[in-house]
Each structure stands twice: as structure tokens, then as C-alpha cells.
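Colleague: with the input below, show me the fold.
(2 chains, ligands or ions: 2)
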Amino acid sequence: MILDGKCPTGPIQDSWDKHRFDMKLVNPANKRKYKILVVGTGLAGGAAAASLGELGYNVEAFCYQDSARRAHSIAAQGGINAAKNYPNDGDSIYRLFYDTIKGGDFRAREADVWRLAQVSNNIIDQCVAQGVPFARDYAGYLDTRSFGGAQVSRTFYARGQTGQQLLLGAYQALMRQIKVGTVKLHARREMLDLVVVDGVAKGITVRNLVSGEIESHWGDAVILATGGYMNVFYLSTNAMGCSVTATWKAAKKGAFFANPCYTQIHPTCIPQTGDHQSKLTLMSESLRNDGRCWVPKKKEDCEKKAADIPEDDRDYYLERKYPSFGNLAPRDIASRAAKEQCDDERGVGPGKRGVYLDFQSSIDRVGENTIAERYGNLFQMYEKITDENAYKQPMRIYPAPHYAMGGLWIDYNCMSNLPGLFVLGEANFSVHGANRLGASALMQGLADGYFVIPNTIAHYLVGVAPGAVKADHPEFKKSVDEVQGQVDTLLSINGTKTVSEFHRELGKIMWENVGMARSEESLNFALKKIPELREEFWQNVKVTGSKAEVNSQIENAGRVADFLEFSALLTKDALTREESCGGHFRVEHQTADGEAMRDDENFTYVAAWEFKGNDKEPELHKEPLKFDNIKLAVRSYK
Amino acid sequence: MNLILHVWRQNGPNDKGRLDQYEAKNVSPDSSFLEMLDEVNEDLIKKGQIPIEFDHDCREGICGTCSQVINGIPHGPDKLVTTCQLHMRKFKDGDHIYIEPWRSKAFPIIKDLVTDRNALDRIIQAYGYTSTHTGGVADGNAMLVPKVAADEAMDAAACIGCGACVAACPNASAMLFTSAKVSQLALLPQGKAEAAKRVKAMVEQMDSEGFGNCTNHYECQAACPKGISVSFISRMNREMMKALPQ
Ligand SMILES: Cc1cc2nc3c(=O)[nH]c(=O)nc-3n(C[C@H](O)[C@H](O)[C@H](O)COP(=O)(O)OP(=O)(O)OC[C@H]3O[C@@H](n4cnc5c(N)ncnc54)[C@H](O)[C@@H]3O)c2cc1C
Ligand code: FES
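Modeller: Ligands and ions are numbered 1, 2, ... in the order given. Sure, this is the predicted structure:
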């Protein structure tokens, strides 16, 4: 099937305004009759639930944490982009649009990206009004800094805690709606199924993580804002509870999963130290404003202390390879460059899987105090984890799984192919193409939640009779039975391997074969291993305790079970995409100097996969991508 | 290294609870406290026993989910860290470690080390926001914010809502938490319009949740992983004075 994103036509500058005018509205008096379920209270879900509640809809929100304030958006450090052009350095909506399309390696939809760039400015205004304490200069104006893939300074920030501050802004707006009663929050609930009635999304099934009860919730529309799936690699910068479960369950009910192989490996994370490790910690990309990446030129210097390696013997490889962007090369490029140096046996630190990120020249230039003011909390975090002082010696960093560009397929209105199912934030696929630029996920989450969905959902709801399907519909009971069945099975297997052991094993298969460098051979190997591991899981997993209480093993087992299915789709997508683009690097498709080589003739499309069962091949639907405003070109940061 | 753990186990809100003893063997000094507990739990599961439940998520000190009293101190012996950022190199081989949940009337225990901290959310619901609608706001630079005010607001806003301040306080007071939000919004021009109503509503909610009063022990500041200063409590008191009828 050829998919249509239903993007507006005509001049791109007017596309979103025109579309907003063309859409239908819900009469204010009727809004409260519609019940909308919002799964996820991160930037996307929190902003959506608050804004929809404010408009008068009857909203119910869900999250698996104990409080809406703890969604993983909280961990975003570096900043959020907007095309304000406050520094007068040549920025514009058009430039942000252009940078994002180019940064995504020409695999995103133009219309969606334009809209994102357009509303980026509203987001900053909105957050300021909420009391987000963005960094200010001495005159009291908003301060900005630079991020990878851009030559302008358009990233707004609140120290190293931008995500926290933006999320708290959205959370506070949400709390305000809870108080007035437009939003009801169900915390410590995990969505374990989507309820679809006659092809239309009508509700969800959740597990109450305190009582263990399986609950049904009906809604006239369901919004998933459940974040990304990078824990498929086991070790990642995501929180422990991040999973693919919500989106994967929706996929199993018929929602198409788009571009699962577009995964972002972030260049600046603290390297792994041992097998005990449960997650990897990001060191914000903003550090590359002042830090310089290097490795020793000579292999024999790798064991030496950094300070003992003279300037001439250091290879500032990003500055050497990409003189115009230097240390601010986009993430996919910076990550591969780091891997290249380590593959060349010039890595540093334990296992030689690390490169230096060195602040010395910036400290010499602006002083230690200024560096501390900019990144103090990151340096502190680094010290707590590594026991090393990065003011005195360079940080050691290595790429780590970080962000999922792929996600459920949506049209321009953020609606999936299943009517009534909307998908926002990292959980959808639409604006970042094959590689996301830094500081643009926060922008996207808030754009979707504050400014897109409040407009587009009305257009859908107008055609729906409110409350026509409720939780007494037989599909709800069927879904509850299914979910209950899975929990019972997990508890009954009583095998010998723990859930974490399976997750670790899956992560290893994925990282080694479907990670930064993918080949036909490695992908086929993974496609052989994954089903074997899945089969073993269902025969040999050990989950203790009971179902009618807090039992994190049941939670984790469900998540890993879904990763064990989803990972095969991700791999299959990577195998099918016979080109290299952005974060998807196929070793067979590279230029002589190791850069990604796209195949625009054959692959300028979105791959949207329809799940057909674990033992059947998924069906590929294509949405062709058209570039009417920006010329398809080889991406160069040299 | 090898350690002896004494861990609070409680099957549910109505169970009396007890301290059980476990051995943590071959612990890497580079592992985090929660990774050490992960390994203890893996062992328990393999033996068919029920692992220790504890709250956690981001494991990088920002979500505020992890919450353990370690050797009597919320988030343990290291300064300015959450439980998840505490590393085992802070302990010695053979140490006995006591691990308990947050203890406060306002934070009922759900199971083992897991507590219900929604009282903090309800304080925010009471008025921990500016009443801003989505859309229709002024340009971000329309109102200048002096850098010192923005910086101090950020110091207050750094609160992660973990509740260590409550757990540390002999009165189980939530003054540090509440004052941080009151101060952040009072310091910024965007929050000034509602400052008086805000402080009254938030303090009233705080009192009704069963948190104690502040009697200047400053244990909250000492335990706070984000170094939130007790000076915000003074600021809240001043805001309260301003809000009362003169
Ligand atoms: C360490 C780190 C640093 C980052 N730094 C930046 C940065 O500086 N700038 C930037 O732009 N981006 C950054 N990002 C990316 C960005 O933070 C995320 O992409 C973005 O915040 C995701 O927001 P979200 O609302 O889509 O999802 P999340 O914030 O992940 O929220 C997901 C929500 O869904 C809920 N949920 C998930 N599954 C279920 C389920 N089955 N049932 C019920 N609820 C569920 C969760 O409880 C949560 O509320 C960073 C990411 C990380 C990990
Ligand atoms: S787990 Fe998030 S702060 Fe500790």
C-alpha cells in the first residue's frame, strides 16, 4: 500500500496556517462530552493533556511512574531549539527547517518539519510565561548556545537541566488542570494493550502497578506519548522503565511502525565500566561547544596519561575531518568518527573504547568559573560516576544508544493509520528523519503537545459520537483477558534465567549487530538469534512473587517480551534499507572516506511496517517523500 | 567487596515490616548503589525468593524517583547525590549497610522501600504554577528577568521532588520542597501576579497533608541532593507575611 501523510499542499510558508483554517472545530459546549486518553506525561503527553484539559475536553492521563513529573523528559540536559534569531546571527524559521531536514539526512517530511520550525518560537514564549527559568544574560534577555548540526546559536537552556525545567512547566500546567477537574491522572499504571473496535482506537488496558489489577479505560480518542524504544539495546541513556510496550502493543493491533531502524547513538556518553552496569549516562552535547574531541595519534600513547601526550601527538579528529563544523558535527557523524578511532586502536580508557573530550583550551580562554557556570552539574555528575575531575583531566566519552527517530507512523495530523489513535513526541516518527539534531526533541515534544494536537484532534472528534463505545464493549473484556493471560503465563514458567539476563543478552545481540555499523551478515545473524532468544524466554524465564501487588519483575518481563518481538522488526527494517542514511549505517553503502551513502532513487520513502504475527513476515507500506522546497543533496559538514 | 545489608521489608501498607539481612558479595566499587541492589535481587530471584522492591527510573539523579534512607541518611553518606548516583566506592569491604524507606506520615509505605509521595504533587496542584493558558502569551523577551533573579530562581527550581527533605527532617516537614517552588515563581516577574495567592494555597495544602513544621534543624538542606538552600524557607516566610492581610 502507498501511504499518504495527508500533508497540506501549496506554499510551505502558509501550509500550517492554511491547514488550521481548513480543519473543523469542536463547539466549546461539546468539548467536555469527549473523553480523551493521554498515555504518557512527558513533554509531549504532559503538554497535550494540560492543553486539551484547558480547552475543556475531558482528559484522563496515564504514566507508569508515581508522579507525572518523573517522565524521562526530565533527564534532557542541553537545551531546546527555536528560530528566534535573538542573537542576530542569521537564523530564521526557514533555516531551522532547512537544518532539520538536512540533519535528518533527507528522510523526514517537509510539511511536518516546517510546522515544527514555525511553532518553535511559540514554545519559548509559552515556557517563559510558565516560569521556566531559562538562562539570561546580564541585560535580562534570554541567552542561547550552539548545538551540533547548526551554525547559529539557537538553543535555549536552563543550566544543564533544560528538560527538567520544561517538563516541570508542563507538569505544573497539568497539575493546574487536575485541580480544576478537567484532567484525571492515573499514575503507576502501565498500558499493556490498545483496545480497537471496528478498526478504531477506543481505549486502553492498563495494569495498576500497586494493586496488580488489570483495568479498562475507554476514550473517544487515544493519544500515545510514551517516549522512545532505545532500551532495546539494554544499555542506553534512557530511564530504566522506558520501553516499546505501548507503541508495540498498538502495532500489534494494527498501527504501522515507521522507520524502526533509525536509531540515534549519541556521541558523548560516559563509557561502560563493567557488567554490573544498568544504564549509560549522557554528557550533554552542549559540552561540544567548549570541549574538543581527540585521541592519541599513536597507538602506543593510548596507555599514557592525557597530560603526558604533547599537543602535536593528539588527533583532534572531528576538527581534522570536518573543518567547518568541527566538534559540532551532527551526532551520527560524531559517533561514527569516535568508533572509527577506537576501531583503529587509538581509543583510551578501560577496554580502549573511549575518546577524550577536553576542556583545557576553553578553560584557558574563558576561565574555569565560566566553564563551571555553563556545565557545573555535568562535571559533577561525571565525577560522581567516574571519580575523575574533568576540570583537571579530559573527560572520557563513548557513543551510546540514546534516541529513537523511528516510531508509530502518523499523518500530518499526528494520527496513526488507526483512526482515533494519535501519537506524539519521541513515540512517533515524523520530523527527525534518519538523524535527530540536538535540542530538537524537546522542541518536537512540546510542539506536538501544546500546538499541534489541540488543533488536529478536533478535526477528528467532530466526526465521532462521544461515548459511543464504552468499557462494556466485549473488546475490552477480550483485551483484559489477554493481558491477564500474559501475566499469568510469565508467573507460571518458573524457569532458570532472570528477566535482566534475557534483556542483557538481547542488548548484546542488538548492539553488536544492529548498532553503529550494520551489514547484511550481521543483520541476518541478529534475525536468527532474536527468535531463538524469544523462544527461550517463554520457556525459561523466572518471575517470582505474585501478581496482586507491586512486582517490578512482572513489569520488566512484559517490557522485555515486547523488545524481543520489536527487535526483529527493527532489524528487518535495517536489512531492507539498502542504503546508509543518518543513524542507519550499512557498511556496504559508504563512500571511499567512510561517509554514509544514501540511495535517493530507491529509498526516499518512509518504511511503515504492518505486524502480521511473530512467525510471519511484516508487510512493508511505503510513503514516498517529496522535497519541493529543499533540494536533495549529499549532506556535507566538511 | 563484600557487604552485609539490613533491608526494610514490608509486604504492604498493613504489614508491620522488619529488617532482613542479606549478603552482597563481590561488589564492584565502580557500581552504583542501585546496581549493587540489582545484583542482590538477581540472587534472590534465582533462589525463588521475592526481591526487594525499590523506586527508581532515570538512574542519573534527576527524576527524583529513587528514595532510600541509607545508614540513617536519606540518599546515603555522600553529599549532593541521589541514591542512584551513590557509588559503592564510598563504602568499605565488610560494611554493614542499613537500608530503609522514606519515613513520614505523609508518605505511606506501599511495599518494602516504595512509598507514596503524591502529597508533594498535591502541594503543586494547590498553586505551584502560573495560571498561563497555552498560546496567547507575550514574547519571551518582553519581560526582562535580571540575571541574578533568573539564576536564583533556577537554584530553587532545581528541586527534583524526591522528598529527602521530608525524610531527613525530625518534624517530617515539607518546607524546603514547598518553599523552593514558591521562591522560584516569586522571583520571576511571570510569577509575581499570583504570588500572594500561591503561597497561601501551597502552605495550606502542605499543612493539611500532615507534614510537620519547620523548627530550623536544617537537616533538609544537608540531605538535599540538589543543594537547595534553607534560605528559600525564609523567603517563603517573607512571602507569607506579604500575603497576610496587613
Ligand atoms: C539523557 C537524555 C538527554 C536528552 N537531552 C536532550 C536535549 O538536551 N534536548 C533535546 O531536545 N532532547 C534531549 N533528549 C531527548 C528528549 O529528552 C526526549 O526525546 C523527549 O523528552 C521525549 O519526550 P516524550 O514526551 O516523547 O517521552 P518521555 O518524556 O519519555 O515520556 C514518556 C511518558 O510515557 C509514559 N509511558 C511510557 N510507556 C508507558 C506505558 N506502557 N504505560 C503508561 N505510561 C507509559 C511514561 O510514564 C512517561 O510519562 C534527551 C534524552 C535523554 C535520554
Ligand atoms: S532514579 Fe532518578 S533520581 Fe535516582
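Colleague: how about the residue in the stretch 451-600 of chain A that ligand 2 sits nearest to, nearest residue that isn't a chain neighbour?
Modeller: Closest contact between the stretch 451-600 of chain A and ligand 2, by CB to the nearest ligand atom, is at A:Ser552 (13.1 Å). Placement of C-beta: from N, CA and C, glycine included. Sequence neighbours aside, B:Glu53 is the residue nearest to A:Ser552 in space, at 6.2 Å (criterion: CB to CB, 6 or more residues apart in numbering or on different chains).
Colleague: check contacts around the one you found.
Modeller: Taking CB atoms under 8 Å, 6 or more residues apart in numbering or on different chains as the criterion, B:Glu53 is in contact with A:Val550, A:Asn551, A:Ser552, B:Lys111, B:Asp112, B:Leu113, B:Val114.
Colleague: need those residues in a markdown table (columns: neighbour count, secondary structure and distance to ligand 1).
Modeller: A markdown table is the format used below for those (neighbours: other CB atoms under 10 Å in any protein chain shown; DSSP: H, G, I helix; E, B strand; the rest coil; distance: CB to the nearest ligand atom, whole Å):
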| residue | neighbour count | secondary structure | distance to ligand 1 |
| --- | --- | --- | --- |
| A:Val550 | 21 | coil | 16 |
| A:Asn551 | 24 | coil | 16 |
| A:Ser552 | 21 | helix | 14 |
| B:Lys111 | 24 | strand | 19 |
| B:Asp112 | 25 | coil | 21 |
| B:Leu113 | 25 | coil | 20 |
| B:Val114 | 24 | strand | 16 |
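Colleague: what does the stretch 251-400 of chain A put close to chain B?
Modeller: Residues of the stretch 251-400 of chain A found near chain B, taking CB under 8 Å from any CB of the partner chain as the criterion, are A:273-274, A:276-279, A:281-282, A:380-381, A:384-385, A:387.
Colleague: now with 6 Å, please.
Modeller: Residues of the stretch 251-400 of chain A lying near chain B by CB under 6 Å from any CB of the partner chain: A:Thr273, A:Gly274, A:His276, A:Ser278, A:Lys279, A:Thr281, A:Lys384.
Colleague: just the buried residues of those residues.
Modeller: Among these, those scoring as buried are A:His276, A:Ser278, A:Lys279, A:Thr281, A:Lys384 (criterion: 16 or more other CB atoms under 10 Å in any protein chain shown).
Colleague: ok, so of the contacts of B:Glu53, who is nearest A:Thr263?
Modeller: The nearest member of the contacts of B:Glu53 to A:Thr263, counting by CB to CB, is A:Ser552 at 25.8 Å.
Colleague: need the pLDDT of the closest one.
Modeller: Note on A:Ser552: pLDDT of 98.
Colleague: wait, isn't A:Tyr157 in contact with A:Ile80?
Modeller: No. Using CB atoms under 6 Å, A:Tyr157 and A:Ile80 do not qualify as a contacting pair, with a distance of 7.4 Å.
Colleague: the two: who's more crowded?
Modeller: A:Ile80 (31 against 23; other CB atoms under 10 Å in any protein chain shown).
Colleague: please name the bridge partners of that one.
Modeller: With DSSP bridges as the criterion, A:Ile80 is bridged to A:Phe156.
Colleague: wait, isn't it in contact with A:Ala439?
Modeller: Yes. Taking contacts as CB under 6 Å, A:Ile80 lies within contact range of A:Ala439: 5.5 Å.
Colleague: what about B:Glu219, neighbour count?
Modeller: Using other CB under 10 Å, B:Glu219 has 20 neighbouring residues.
Colleague: how close does it sit to B:Lys181?
Modeller: Plainly put, B:Glu219 is 20 Å away from B:Lys181 if you go by CB to CB, to the nearest Å.
Colleague: what ranges does chain B have for its strands?
Modeller: Using DSSP state E, the strands of chain B run over B:3-9, B:18-24, B:69-70, B:73-74, B:96-100, B:109-111, B:114-115.
Colleague: taking chain B, what residue is nearest to ligand 1?
Modeller: B:Glu60 (6.8 Å).
Colleague: no wait, the stretch 101-250 of chain A
Modeller: For the stretch 101-250 of chain A, CB to the nearest ligand atom, closest residue to ligand 1: A:Gly227, 2.6 Å.
Colleague: if I pick residue 122, what's in contact with it?
Modeller: Unless you meant another one, I'm taking chain A. Listed by CB atoms under 6 Å, 6 or more residues apart in numbering or on different chains, the contact partners of A:Asn122 are A:Phe451.
Colleague: try chain B instead
Modeller: If a contact means CB under 6 Å, 6+ apart, then B:Arg122 has B:Gln205 as its contacts.
Colleague: could you do B:Leu187 as well?
Modeller: B:Ala149, B:Glu152, B:Ala153.
Colleague: can I see the domain layout of the chain?
Modeller: Using chain A. Listed by automatic domain parsing, the domain ranges of chain A are A:270-399, A:474-604.
Colleague: try chain B instead
Modeller: Taken from automatic domain parsing, chain B resolves into B:3-110, B:118-243.
Colleague: out of those, the one nearest A:Lys33 is which?
Modeller: A:Lys33 sits nearest to domain B:118-243 of all these, at 20.9 Å, using CB to CB.
Colleague: and the residue nearest to A:Ser552, what pLDDT?
Modeller: Reading off the model, B:Glu53 has pLDDT 98.
Colleague: then B:Asp57?
Modeller: 98.
Colleague: residues in contact with stretch B:8-18?
Modeller: For stretch B:8-18, the surrounding residues in contact (CB under 6 Å, 6+ apart) are B:Leu19, B:Asp20, B:Glu100, B:Pro101, B:Pro108, B:Ile109, B:Lys111, B:Asp112.
Colleague: contacting residues for the second one?
Modeller: If I follow you right, that is B:Asp20. For B:Asp20, the contacting residues are B:Val7, B:Arg9, by CB under 6 Å, 6+ apart.
Colleague: ramachandran angles for the residue nearest to A:Ser552?
Modeller: Note on B:Glu53: backbone dihedrals following degrees, to the nearest 10 are phi -90, psi 130.
Colleague: okay if I get the contacts of B:Leu187 as TSV plus neighbour count?
Modeller: What follows is the contacts of B:Leu187, written out as TSV (neighbours: other CB atoms under 10 Å in any protein chain shown):
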residue	neighbour count
B:Ala149	17
B:Glu152	20
B:Ala153	27
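Colleague: so how far is ligand 2 from the nearest residue to A:Asn81 once chain neighbours are set aside?
Modeller: Nearest residue to A:Asn81, sequence neighbours excluded (CB to CB, 6+ apart): A:Ala439, at 4.5 Å. For A:Ala439, the distance to ligand 2 (CB to the nearest ligand atom, to the nearest Å) stands at 22 Å.
Colleague: mind listing the helices for chain B?
Modeller: For chain B, applying DSSP state H gives helices covering B:33-46, B:118-127, B:147-157, B:164-168, B:175-187, B:189-192, B:195-208, B:219-223, B:231-243.
Colleague: now render these as a markdown table, adding distance to A:Lys497.
Modeller: A markdown table is the format used below for those (distance: least, CB to CB, whole Å):
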| stretch | distance to A:Lys497 |
| --- | --- |
| helix B:33-46 | 9 |
| helix B:118-127 | 36 |
| helix B:147-157 | 44 |
| helix B:164-168 | 36 |
| helix B:175-187 | 42 |
| helix B:189-192 | 53 |
| helix B:195-208 | 47 |
| helix B:219-223 | 39 |
| helix B:231-243 | 49 |
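Colleague: turn these into a markdown table, columns for mean pLDDT.
Modeller: Output for those, formatted as a markdown table (pLDDT from 0 to 100):
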| stretch | mean pLDDT |
| --- | --- |
| helix B:33-46 | 98 |
| helix B:118-127 | 98 |
| helix B:147-157 | 97 |
| helix B:164-168 | 98 |
| helix B:175-187 | 98 |
| helix B:189-192 | 97 |
| helix B:195-208 | 98 |
| helix B:219-223 | 98 |
| helix B:231-243 | 97 |
